[in-house]
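Asker: Mind looking at a prediction? Sequence and model below.
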Amino acid sequence: MGWEQAKEVAEKSRGGGSYIKLENDGDKIVCAFLGEPFAKEIHWTGDTSELCEGEDCKHCRKGKNPSARFSINVYVKTLMTKTKKGYDEEEIEEVRIFEQGIYFFNDLVTVDEKYSFGKYWFEIERQGKAKSTRTRYKINVLPEDKITKAEKEMLGEVELFNLENPRGNDDDDDDDDDDDKTERKSSSKNDRKPSKSSKDDVIDTEDSQNIVTRLKMRPREELNEFMKEFNIKRIKDLKQSQLKQVLAYLDKLEGSEEKDSEDDDEVDPFA
Ligand SMILES: [Zn+2]
């Protein structure tokens, strides 16, 4: 067995690396949501997935639609695996990444509005058998389970994964060196932003994520229209000077769709 394989096995025995996964119907975690969510577009390619590269994307060119994925840091207190007799409980007590599609994200927004993430522990429950495409993840607030002062302090100090580039966290597991953070930052910068020298005034990552999230909700044609309107190939190429116009444009798009009342009162978590 080689190093890579051995590492994988070791990772598995710790409960799955940086991501927390609920494998079967009824499995749950008790967790607190931390930080801001992150949105990306991916293409499923068999067992794995690749990031959609926008205009130059080879998958898009073949006419395959990307799927929106949303991830968020969660502090997982307990992993509860459903058994015939009840639940097997495993104390995790670590930060993990929970990643899901649009349905989960919409729920997340609703739940945050209703209960506010800093106050309670939440439960995420898988509803759907392994491999079922209809699987949904239900978020339940645990009203009896308020986050205590001590827990709040602890949650304020835990290190979050860089959601733009979570793989970086996996490279050197338990090695707590300080270089780690700066390295991760610089590599994610390379991924996300065009080089400083050529375009100094592009919008920042937060704004571009915000715009990406809003555009994800729109039909494909509107997205194409948008790209044409602002003469860009990638959202992150938008200029600071265009930002105001872009936001107004989005407001208008969203405003024109009064019928979809459920989506209307959605608060933007990236704002
Ligand atoms: Zn693509």
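Answerer: Perfect, I can see it now.
Asker: Go through the strand or helix carrying Val95 and flag the buried ones.
Answerer: Using DSSP states H and E, the element containing Val95 is strand 87-100. Neighbour-count burial for strand 87-100 flags Ile92, Val95, Arg96, Ile97, Phe98, Glu99, Gln100 (criterion: 16 or more other C-beta atoms under 10 Å). Where you see a C-beta, it was placed from the backbone N, CA and C, and this is true even at glycine.
Asker: how much space between the last one and the ion?
Answerer: Translated: Gln100. With distances taken as C-beta to the ion, to the nearest Å, Gln100 is found 19 Å from the ion.
Asker: cool, and the fourth one?
Answerer: Going from Ile97 to the ion by C-beta to the ion gives 22 Å.
Asker: who touches that residue in this structure?
Answerer: When contacts are counted by C-beta atoms under 8 Å, 6 or more residues apart in numbering, Ile97 touches Ser18, Tyr19, Ile20, Ser71, Ile72, Asn73, Val74, Phe161, Leu163, Pro166.
Asker: Let's have the residues you listed in JSON lines, adding secondary structure and neighbour count.
Answerer: Below are these laid out as JSON lines (DSSP: H, G, I helix; E, B strand; the rest coil; neighbours: other C-beta atoms under 10 Å):
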{"residue": "Ser18", "secondary structure": "coil", "neighbour count": "20"}
{"residue": "Tyr19", "secondary structure": "strand", "neighbour count": "13"}
{"residue": "Ile20", "secondary structure": "coil", "neighbour count": "20"}
{"residue": "Ser71", "secondary structure": "strand", "neighbour count": "20"}
{"residue": "Ile72", "secondary structure": "strand", "neighbour count": "23"}
{"residue": "Asn73", "secondary structure": "strand", "neighbour count": "24"}
{"residue": "Val74", "secondary structure": "strand", "neighbour count": "25"}
{"residue": "Phe161", "secondary structure": "coil", "neighbour count": "24"}
{"residue": "Leu163", "secondary structure": "coil", "neighbour count": "21"}
{"residue": "Pro166", "secondary structure": "coil", "neighbour count": "19"}
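Asker: Identify the residue with the minimum pLDDT among these.
Answerer: The lowest pLDDT within these belongs to Pro166, with 75.
Asker: which bits of the stretch 1-150 of the chain sit near the ion?
Answerer: Contact residues, the stretch 1-150 of the chain versus the ion (C-beta under 5 Å from the ion): Cys52, Cys57, His59, Cys60, Pro66.
Asker: Next, the buried residues of whichever strand or helix holds the fourth one.
Answerer: When elements are assigned from DSSP H and E, Cys60 belongs to helix 58-61. Neighbour-count burial for helix 58-61, counted by 16+ other C-beta under 10 Å, picks out His59, Cys60.
Asker: Run through who's touching that helix.
Answerer: Residues contacting helix 58-61 (C-beta under 8 Å, 6+ apart): His43, Thr45, Glu50, Cys52, Glu53, Gly54, Pro66.
Asker: biggest separation within those residues, which pair?
Answerer: Pairwise distances across the contacts of helix 58-61 peak at 16.8 Å for Thr45 and Gly54 (criterion: C-beta to C-beta).
Asker: ok, the two, which is more surrounded?
Answerer: Between Thr45 and Gly54, Gly54 has the larger neighbour count (other C-beta atoms under 10 Å), namely 16 against 10.
Asker: Could you name the helices and strands sitting against the helix or strand where Gly35 lies?
Answerer: For Gly35, the element it lies in under DSSP H and E is strand 28-45. Other elements packing on strand 28-45 under the criterion 3 or more C-beta pairs under 8 Å, 6 or more residues apart in numbering; DSSP states H and E are strand 48-51, helix 58-61, strand 67-82, strand 87-100, helix 102-115, strand 120-127, helix 149-157, helix 205-216.
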